[in-house]
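Q: just coords:
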C-alpha cells in the first residue's frame, strides 16, 4: 500500500489519484447514516485518531501523516497542535501510528510511530531518514511532552532502506502489551537473505513482522522467540509479513487479526496467533496457489521451504484477494448500537477502490463465513470481491474504532479526508463501559456481569452479560430514563452508581471499579460458604475458588476471603 502520492500499481499499470473531493461516503445499509465529524480540508492526511475520554465522543486527537502533527479536536474544530514531529514523509513514511496506553486516564501515556529525519526538520527527501521510531509521550492536558524512545527500526547500510513498506499501526492487546506493525522495508531479498523474510536462517532484517513489547519497551518473557540471541527476533510476535497496515483484536476472543498487502497478487486477512510465520517472501496467498513473481525468484515454494524458528508455525490466510486492493484497517463492530448483521462482525477498508467490506464471523470466531465461490478463501474476480462490498467513496481508510457513544468512527486519509461516524438513523439506547477488577491477574474474557437498572428503588431491567477480553461490555436498554445501577462482576461484591441518565436514542458510559473480592459463590456476601469453597478447592485450578485469576487456588485466594470476611455488596 502506498501512502504518499497515491500512485496505485499493479504490474506496470499506474493509476494516479488526485485527491479531489467526491460526494459523501456511503454504506449499503439504508438503516444507517454517515456523518462528518471532522474534516481536514485539502492538505493534511489524517491517519490515526484516539478519543481523549472514554465517555465523550466529541474530543479526540488526530495524527497527520505528512505534517507530523497531532491535533487536539473538540466538537469538530481544531483546538491546538499538541505535538509537531520532524517527519520524513517520502513514499509511505511519515507519522504512521498512534495509540493510547490502556491506563491513559491515569498515566496519560500516548505512543507514536513515525519516520524520523536526519536533518531534524520535515522532509520528503528519500535520503533524509534515520529510521522509524516508537516514542512514548505524556499528555498533560494541553500538549504531548517528555518523549521516551521505546522501539526503533534504524537505517541499515547493509540492507534496503526504501520509502515504502513501513507499516506503522500500533495497538494494545488485552494483555496490555504494545503490538507494532513493521513492514519489511523491501528487505530480505533472495540475494540478501534474512530470517524474517524466510530467505535466510542467520541474518536478521529487523523488519517485516508484528512486534510485541512491554509498554516501557522491554521484551515480555512469554514472547515466542525469546530463546533467540538477537533482541530484534525476541521482540517478534509474528514474522513473514510483507506490509501490514491493519491490526485489531477480536474483543470476544482476544485474538489478533491483521491485514497484509501483497505484491502483484494476494492481499490477505490473517488470524495471527503466537509465533505465526506468514510465509513472505516465499508464499503469498494460500500455499496451494503457488504464487510466483520477482519477489520470490519466479518460482513456487512450499511450507517446507520456510525459515521456521523454534515455536513458529505457518497458516494460510483466512481470506485473500487475487487482485490486490491494498486492504487496511480491520475492526470488529463491538457495540449494541448495531443489529446482529453488523454487531461483532468484521469490517475492513481498502486504498485502491476506497471501499469498505463487511465479513460475517464464524460462531467460534476463528474464521469468516465463506460460501459458494468463496469457499476457496480467495476473491478471484470483481464479482467475488464485491460480494462483501458494504461502503464506497471512503478514499483510504486508515483507522476505525468504536467511539464512546457506541458508534463506529472511520478515519479517511485521502479524498474523503477526515473522521466520519456511521450510526443507525434511529439508534437504540445502550449502556456500555469498562470494568476494572482490583487485584485481578487473569483474562477478563467471559467474567459474568450483572447490571440491575432501578427506579424508585425498584428493579426495572436486569441485564446479564459477560465482559469481553478488554473488560468492556455493551448492552441495550429497554427504556430511556434516569436510573440507579447496581453492578456485580464475578466474585467481586456489587457496587452502585446513582443518577445514570440515558436519553432517548442515547447512551450511558459506566466506568465500573470493583474493589472488594471474595464472593466465591456469588451471593453478594463474603462468609463461611466462600471460605469453604476456597479450602475445598485449595491447590486446584478451579475457577470458583481462584479469586485473583492467577490459575490456581492458593494462599492468595484464601487471604482475599479472610481480609474481606463479613463484607457485603451495595
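A: It's in. Keep in mind the model is a prediction, meaning the values are calculated, not measured. Residues are numbered from 1 along each chain as shown.
Q: only C-alpha atoms for contact and neighbour calcs from this point on.
A: OK.
Q: care to break this structure down by domain?
A: 20-424, 430-563 (automatic domain parsing).
Q: next, residue 554: phi, psi?
A: Per-residue torsions, residue 554: phi -150, psi -160 (degrees, to the nearest 10).
Q: contact partners for it?
A: By Cα atoms under 8 Å, 6 or more residues apart in numbering, residue 554 lies in contact with 538-539, 546.
Q: including distance to residue 360, pLDDT and neighbour count, could these go into JSON lines?
A: As requested, those are exported to JSON lines (distance: Cα to Cα, whole Å; pLDDT from 0 to 100; neighbours: other Cα atoms under 10 Å):
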{"residue": "538", "distance to residue 360": "43", "pLDDT": "95", "neighbour count": "18"}
{"residue": "539", "distance to residue 360": "42", "pLDDT": "94", "neighbour count": "15"}
{"residue": "546", "distance to residue 360": "35", "pLDDT": "96", "neighbour count": "26"}
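Q: if we take the residues you listed, which one ends up nearest to residue 426?
A: Nearest to residue 426 among these: residue 546, at 43.4 Å, using Cα to Cα.
Q: give me the nearest residue to the closest one, chain neighbours excluded.
A: residue 553 (4.7 Å; Cα to Cα, 6 or more residues apart in numbering).
Q: cool, residue 426 as well?
A: Using Cα to Cα, 6+ apart, the closest residue to residue 426 is residue 505 (6.9 Å).
Q: run through the residues that contact that neighbour.
A: 426-429, 480.
Q: restricted to buried residues, select these in PyMOL.
A: Filtering the contacts of residue 505 down to the buried ones (16 or more other Cα atoms under 10 Å) takes a single PyMOL command:
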select buried, resi 427+428+429+480
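Q: now do the host helix or strand of residue 510, average pLDDT.
A: In this structure, residue 510 sits in strand 507-514 according to DSSP states H and E. In this model, strand 507-514 has a mean pLDDT of 98.
Q: strand partners (parallel or antiparallel) of it?
A: strand 430-437 (parallel) (DSSP bridges).
Q: hmm, back to that, centre of the chain to the strand holding residue 510, how far?
A: Relative to the centre of its chain, strand 507-514 is centred 22 Å away, using Cα atoms, centre = their mean, to the nearest Å.
Q: buried stuff in it?
A: Those buried within strand 507-514 under the rule 16+ other Cα under 10 Å are 507-510, 512, 514.
Q: skip ahead from that strand and say which helix or strand is next.
A: Following strand 507-514 in sequence, per DSSP H and E, is helix 528-536.
Q: pLDDT of that next one, averaged?
A: So the average pLDDT for helix 528-536 ends up being 96.
Q: which helices and strands sit right next to that helix?
A: helix 555-563 (3 or more Cα pairs under 8 Å, 6 or more residues apart in numbering; DSSP states H and E).
Q: closest one to residue 560 out of the contacts of residue 505, please.
A: Out of those, the member with the shortest distance to residue 560 (by Cα to Cα) is residue 429, at 37.4 Å.
Q: list the residues that contact the closest one.
A: Residue 429 touches 337, 476-480, 502-507, counting by Cα under 8 Å, 6+ apart.
Q: now residue 107
A: 101, 138.
Q: got the contact list for stretch 130-145?
A: Residues contacting stretch 130-145 (Cα under 8 Å, 6+ apart): 81-83, 107-118, 146-155.
Q: highest neighbour count among the contacts of residue 429?
A: residue 337 (28 neighbours; other Cα atoms under 10 Å).
Q: for that residue, what are its contacts?
A: Taking Cα under 8 Å, 6+ apart, one finds 343, 406-407, 423-424, 427-430, 476 in contact with residue 337.
Q: export the residues you listed to a markdown table and tack on secondary structure and pLDDT?
A: Below are the contacts of residue 337 laid out as a markdown table (DSSP: H, G, I helix; E, B strand; the rest coil; pLDDT from 0 to 100):
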| residue | secondary structure | pLDDT |
| --- | --- | --- |
| 343 | coil | 98 |
| 406 | coil | 98 |
| 407 | coil | 98 |
| 423 | strand | 98 |
| 424 | strand | 98 |
| 427 | coil | 98 |
| 428 | coil | 98 |
| 429 | coil | 98 |
| 430 | strand | 98 |
| 476 | strand | 98 |
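Q: and residue 363, how many neighbours does it have?
A: Counted by other Cα under 10 Å, the residues lying close to residue 363 total 9.
Q: quickly find the element holding it.
A: Per DSSP H and E, there is no helix or strand for residue 363.
Q: could I get the phi/psi values of it?
A: When read as degrees, to the nearest 10, the backbone of residue 363 gives phi -60, psi -40.
Q: next, the contact list for the closest residue to residue 124 other than its chain neighbours, please.
A: Nearest residue to residue 124 in three dimensions, chain neighbours excluded: residue 90, at 4.5 Å (Cα to Cα, 6+ apart). Going by Cα under 8 Å, 6+ apart, residue 90 touches 4, 123-126, 163.
Q: which stretches of this structure aren't confidently modelled?
A: 1-23, 42-43 (pLDDT under 70).
Q: longest strand in it, please.
A: Counting residues, the longest strand in the chain under DSSP state E turns out to be strand 144-154.
Q: would you turn the contacts of residue 554 into TSV with distance to residue 312 and secondary structure?
A: Formatted as TSV, those follow (distance: Cα to Cα, whole Å; DSSP: H, G, I helix; E, B strand; the rest coil):
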residue	distance to residue 312	secondary structure
538	36	coil
539	33	coil
546	32	coil
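Q: identify the bridge partners of the residue nearest the centre of the chain.
A: With distances taken as Cα atoms, centre = their mean, the residue of the chain nearest its centroid is residue 248 (2.9 Å). Applying DSSP bridges to residue 248 gives these bridge partners: residue 257.
Q: using TSV, lay out the contacts of residue 554 together with distance to residue 180.
A: Converted to TSV, those look like this (distance: Cα to Cα, whole Å):
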residue	distance to residue 180
538	40
539	38
546	33
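Q: sorry, back to before: which ones among the contacts of residue 429 lie within helices?
A: Using DSSP state H to define helices, no part of these is located there.
Q: in CSV: those residues, plus distance to residue 414.
A: Formatted as CSV, these follow (distance: Cα to Cα, whole Å):
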residue, distance to residue 414
337, 28
476, 35
477, 38
478, 40
479, 40
480, 39
502, 36
503, 35
504, 35
505, 32
506, 31
507, 31
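Q: show me those that map onto strands.
A: Using DSSP E, the contacts of residue 429 in strands are 476, 502, 507.
Q: tell me the one of these nearest residue 534?
A: residue 476 (35.5 Å).
Q: quick check: closest non-adjacent residue to the closest one.
A: Nearest residue to residue 476, sequence neighbours excluded (Cα to Cα, 6+ apart): residue 430, at 4.2 Å.
Q: likewise residue 298?
A: Using Cα to Cα, 6+ apart, the closest residue to residue 298 is residue 292 (4.7 Å).
Q: my guess is that neighbour contacts residue 299. True?
A: Yes - counting by Cα atoms under 8 Å, residue 292 does reach residue 299; the two are 5.0 Å apart.
Q: which one of those two has more residues nearby?
A: Per other Cα under 10 Å, whichever of residue 292 and residue 299 has more neighbours is residue 292, with 18 against 13.
Q: list the contacts for the residue nearest to residue 298?
A: 298-300.
Q: inside helices: which ones of those residues?
A: Using DSSP H, none of those sit in helices.
Q: could I get the residues you listed as a markdown table with distance to residue 102?
A: A markdown table is the format used below for the contacts of residue 292 (distance: Cα to Cα, whole Å):
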| residue | distance to residue 102 |
| --- | --- |
| 298 | 45 |
| 299 | 45 |
| 300 | 43 |
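Q: the stretch 251-400 of the chain: strands as residue ranges?
A: 256-260, 267-272, 276-277, 313-314, 319-321, 327-332, 346-350, 356-359, 378-379, 389-392, 397-402 (DSSP state E, counting those that start in this stretch).
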